[in-house]
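> no sequence on hand, only this structure:
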C-alpha cells in the first residue's frame, strides 16, 4: 500500500518498497529509537527480501544489492523500511531487522497523498502531495564555548564518551 503513496528515488534510481512496508526510515547514523540497530555493522549482513543467505560486504560494483557498513561521514544515507510499530519494537529488542532498501548520496521522496512523518523524532504532517530531497551534509556543525577552559562538559552531556571526545578535540586544537 505504501508503494502506491510514495515514490522513492535514490541516486536517480526508483526503489520499490516491500509490500509489507508501512514506514520508511532515512538514517545517517546506525541508531534509531534510542539505540535500535538499523544497519548491520558486522562482516556479513542480511539482504533485502532474502533472509535465507548471508553475503559479505565485499562484492562487485555491478551487484545492486551490495551494501557497506554505515558511517556518519561516508556521504551516504541509509534507507530502510519497517512493517509496523510491532516490527520497530522487535528491531529495538534485537529480534528482527528492518528491510534494507539502499544506500544513496541523494534521496528524493514524492508523495501522492498527504502523509504523517517525523523529522529527528518530531512529528510532522505533509498536508498535500509533496516532494522532499534528502542529502547528507559534508561537515557537521560543531559548537564550542568562547572560553574552553571554563566549558561545562558535565552540563553538556552526561555520557562519558561524549565528554571525553569533546575534551580530546579541545586539547588537539590547542584551545
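Nice, thanks for sending it over. Bear in mind the structure is a predicted one, so any value in this text is a computation, not a measurement. Residues are numbered from 1 along each chain as shown.
> the helix or strand harbouring residue 87: what's the following helix or strand?
Applying DSSP states H and E as the criterion places residue 87 in helix 85-92. Next helix or strand after helix 85-92 toward the C-terminus (DSSP H and E): strand 99-104.
> and the very next helix or strand once past that next one with strand 99-104, angle?
Next along the chain after strand 99-104, taking DSSP H and E as the criterion, comes strand 107-111. Using axes from the mean of the first three to the mean of the last three Cα atoms, to 10 degrees, the inter-axis angle of strand 107-111 relative to strand 99-104 is 120 degrees.
> direction included, what does strand 107-111 pair against?
Strand 107-111 pairs in its sheet with strand 6-10 (antiparallel), strand 131-134 (antiparallel), by DSSP bridges.
> which other helices and strands contact the helix holding residue 87?
Applying 3 or more Cβ pairs under 8 Å, 6 or more residues apart in numbering; DSSP states H and E, we find helix 85-92 packed against no helix or strand. (Glycine included, C-beta is placed from N, CA and C.)
> sorry, back to before: dump the strands paired with strand 107-111 into CSV; add mean neighbour count and mean pLDDT as well.
Compiled in CSV, the strands paired with strand 107-111 are given as follows (neighbours: other Cβ atoms under 10 Å; pLDDT from 0 to 100):
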stretch, mean neighbour count, mean pLDDT
strand 6-10, 19, 94
strand 131-134, 12, 92
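> right, so of those strands, which gets closest to residue 35?
With Cβ to Cβ as the criterion, residue 35 lies closest to strand 131-134 of these, at 22.4 Å.
> longest helix in the chain, please.
For the chain, the helix with the greatest residue count under DSSP state H is helix 160-173.
> what's the burial count for residue 98?
Using other Cβ atoms under 10 Å, residue 98 has 28 other residues around it.
> pLDDT at it, what is it?
Residue 98 is assigned a pLDDT of 90 by the prediction.
> would you list the phi and psi of it?
Main-chain torsions, residue 98, degrees, to the nearest 10: phi -70, psi 170.
> wait, doesn't it sit right on residue 84?
No. If you go by Cβ atoms under 8 Å, residue 98 and residue 84 don't touch, sitting 11.4 Å apart.
> just to revisit the earlier point, in the helix holding residue 87, what counts as buried?
87-88, 90-92 (16 or more other Cβ atoms under 10 Å).
> what of stretch 30-37?
Going by 16+ other Cβ under 10 Å, stretch 30-37 has these buried residues: 30, 32, 36-37.
> residues making contact with that stretch?
25, 38-39, 41, 70, 78, 88, 91-92, 94 (Cβ atoms under 8 Å, 6 or more residues apart in numbering).
> thanks again, I'm all set now.
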